[in-house]
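Asks: Predicted model follows, preceded by the sequence.
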Amino acid sequence: MRINFLEKLIGSGLYSGYSPVASGTVASLVALLIYFIPGFEQLYLIVPVSILFLLYGISLGTKFEKIYGKDPKQCTIDEFVGMWISLIALPKTIGIAITAFFIWRILDIIKPPPARKLEKINGGFGIMIDDVVSAIYTLLIMHVVVYLVGKF
């Protein structure tokens, strides 16, 4: 099995997965930079792009896992999807984005239930689904925070 250039580029989150340290955090930062492209936060863009990357990530994750082993650090498309889900329908401010980034990274690392259990599923689905769960938690927390505190 071989991963072609485009699959490697996307699956590794623009090669962030090959960072020698904290590839998940580096990938989340790259995804956050993409989020700041003007208009990317619009629901008609961020939602379909997240879904597309989620579905493609399942396929790519399976390929990466066959080559690099279980949930390889080189595969960071899941961090892209998780970071973007964490920001859906939130006001686009630096403070909100940074707060979401930190909450997302913490939850992605500690993997609250059922994320830890879902991570054990083999293949791309297991790679992607635990991050989706942690991202949904982040999104809910962020919407509550924005509701209570307002924009920041």
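Replies: Great, that's in hand.

Asks: next structured bit after the lowest-mean-pLDDT helix or strand in the chain?
Replies: One helix or strand of the chain scores below all others by mean pLDDT, DSSP states H and E: helix 115-119, with a mean of 93. Downstream of helix 115-119, the first helix or strand assigned by DSSP states H and E is helix 123-149.

Asks: other SSEs contacting that following helix?
Replies: Judged by 3 or more C-beta pairs under 8 Å, 6 or more residues apart in numbering; DSSP states H and E, the packing partners of helix 123-149 are helix 43-68, helix 77-85, helix 94-110, helix 115-119. For every residue, glycine as well, the C-beta is placed using N, CA and C.

Asks: Deepest-packed of the ones you listed, please.
Replies: Highest mean neighbour count of these: helix 77-85, a mean of 28 (counted as mean count of other C-beta atoms under 10 Å).

Asks: Include distance to Ser134 when you put the helices and strands packed on helix 123-149 into CSV, please.
Replies: Shown next, in CSV, are those (distance: least, C-beta to C-beta, whole Å):
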stretch, distance to Ser134
helix 43-68, 13
helix 77-85, 6
helix 94-110, 4
helix 115-119, 5
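
Asks: looking at the ones you listed, which has the lowest confidence?
Replies: Least confident of these, judged by mean pLDDT, is helix 115-119 with a mean of 93.

Asks: who's in contact with that one?
Replies: Asp71, Leu107, Lys111, Gly126, Ile129, Asp130, Asp131, Val133, Ser134 (C-beta atoms under 8 Å, 6 or more residues apart in numbering).

Asks: If you rank those residues by neighbours, which is first?
Replies: With neighbours taken as other C-beta atoms under 10 Å, the top of these is Asp131, carrying 30 neighbours.

Asks: For that one, give me its contacts.
Replies: Going by C-beta under 8 Å, 6+ apart, Asp131 touches Asp78, Glu79, Val81, Gly82, Asp108, Ala115.
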